[in-house]
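Sharing a model prediction with you, sequence too.
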Amino acid sequence: MEETMKDYEKELEASFRKISEGDVISGTVIDVNEEEVTLDLKYYTQGIIKAGDMSSDPDFSILADVHAGDVIEATVVKMDDGQGNILLSKKEATAVLAWDVLEKYMEEKTDIPVKVGGVVNAGVVAYVEGIRGFIPASHLSLSYVEDTNEYLGKELTVRVITVDREKEKLVLSAKEILKEKAKEEHDHKIAMLVPGTVLEGTVESLQPYGAFVDLKDGLSGLVHISQISQKRIKKPSEVLAVGDKVKVKVLNTNDGKISLSIKAVAEEKQVDEVESIDTRQFSSKESVGTNLGDLFKKLGL
């Protein structure tokens with residue numbers, strides 16, 4: 001008797017509910033086959049979504065992607081499909097609802113996993129929330145992509161960078177995420193450099209204010225003109241050339257920039273050479289004075 005009363009209450013509630021064509025409603029999947037999906041709408045009749053009205057994604061599989069218990073939002077196409085059921089379209093609901101979701105993804109810079117489903121002129125295609133999105137070739141990688149066919153079927157993580165509801169334009173980018181990760185890795189490498197460390201590098205460019213030195217592993221630092229030589233120079237090219245191998249000392253890594261010194265390495269070397277003198281070899285003050293004078297002359301002091 002209690003079950004009968006509950007059933008009656010549900011039917012009564014459903015009788016007062018009004019559903020019209022064009023409404024977006026939700027239902028729970030109670031059956032799936034190759035041709036259609038059946039939904040419980042908590043209404044006096046069931047909802048039917050034909051396979052062709054489920055998704056625009058070419059990789060979509062009704063049997064693999066839809067399961068009993070799933071909650072699906074769909075648009076009412078017809079109140080009666082000829083067999084007493086309400087005919088629905090998930091495609092249409094997706095077209096209405098997805099753009100709101102996509103705009104939210106863009107605002108919140110959400111990382112979205114996608115699978116490349118097609119190759120087109122100057123880029124590839126992937127679907128997000130059932131909407132066809134375009135990934136330009138320039139946004140597939142950090143470097144230039146010559147053959148976009150290599151990305152067909154590949155899984156990527158992307159962000160929404162353009163949403164135009166009226167023109168139904170959706171643009172995605174994998175590059176945005178890759179740039180952030182590369183910066184994080186770069187900043188971490190810089191943070192691991194200890195001031196005072198002596199490194200070997202190659203002069204990669206000369207500027208009026210100093211020389212940039214390639215330290216390998218994606219890092220480079222600046223040797224300011226005042227830190228290039230012990231003698232005063234007007235321009236770096238007086239003592240350096242692109243391609244020169246140099247030893248540099250890390251001065252600091254402030255603001256994610258590496259400051260280096262060639263001069264500090266040379267000064268340390270001179271100090272080491274002076275300290276390595278075994279003064280015990282000299283037998284008199286005269287010989288010590290003479291030999292130290294010779295040494296300083298050789299060192300240019």
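Sure, I can see it.

what's the neighbour count on residue 85?
18 (other C-beta atoms under 10 Å). All C-beta atoms are positioned from the backbone trio N, CA, C, and that covers glycine.

all strands for the stretch 201-301 of the chain, in order.
For the stretch 201-301 of the chain, the strands defined by DSSP state E, counting those that start in this stretch occupy 210-216, 219-224, 245-252, 259-261.

Return the distance of the first one from the chain's centre.
Taking the mean C-alpha point of strand 210-216 and that of its whole chain, the gap between them comes to 27 Å (C-alpha atoms, centre = their mean, to the nearest Å).

Pairing partners for that strand, with directions?
Sheet pairing of strand 210-216 (DSSP bridges) gives strand 198-207 (antiparallel), strand 219-224 (antiparallel).

Packed most tightly, which of the strands of the stretch 201-301 of the chain would that be?
Of all the strands of the stretch 201-301 of the chain, strand 259-261 carries the top mean neighbour count, a mean of 23, counting by mean count of other C-beta atoms under 10 Å.

That strand packs against which elements?
strand 219-224, strand 245-252 (3 or more C-beta pairs under 8 Å, 6 or more residues apart in numbering; DSSP states H and E).

Strand 245-252 and the first one, what's the angle between them?
I take that to be strand 219-224. 90 degrees (axes from the mean of the first three to the mean of the last three C-alpha atoms, to 10 degrees).

what sits up against strand 219-224?
186, 189-190, 193, 201, 204, 209-215, 236, 246, 248, 250, 257-262 (C-beta atoms under 8 Å, 6 or more residues apart in numbering).

Apply 6 Å and report the result again.
189, 210-214, 258, 260, 262 (C-beta atoms under 6 Å, 6 or more residues apart in numbering).

Please name the bridge partners of residue 155.
residue 115.

Correct me if wrong: it contacts residue 115.
Yes. Using C-beta atoms under 6 Å, residue 155 is in contact with residue 115, at 5.2 Å.

between these two, which one's more packed in?
residue 115 (13 against 10).

related to what we said a few turns ago, quick one, which of the strands paired with strand 210-216 gets closest to residue 138.
For residue 138, the closest of those is strand 219-224, at 24.5 Å, according to C-beta to C-beta.

Can I get the closest one as CSV, trimmed to CA atoms?
C-alpha atoms of strand 219-224 as CSV (Å, rounded to 0.1, in the frame of the first residue of the first chain):
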residue,chain,number,x,y,z
LEU,A,219,69.9,28.5,-19.3
SER,A,220,71.8,31.7,-20.2
GLY,A,221,73.1,34.6,-18.2
LEU,A,222,74.4,38.1,-18.6
VAL,A,223,78.0,39.2,-17.9
HIS,A,224,77.7,43.0,-17.5
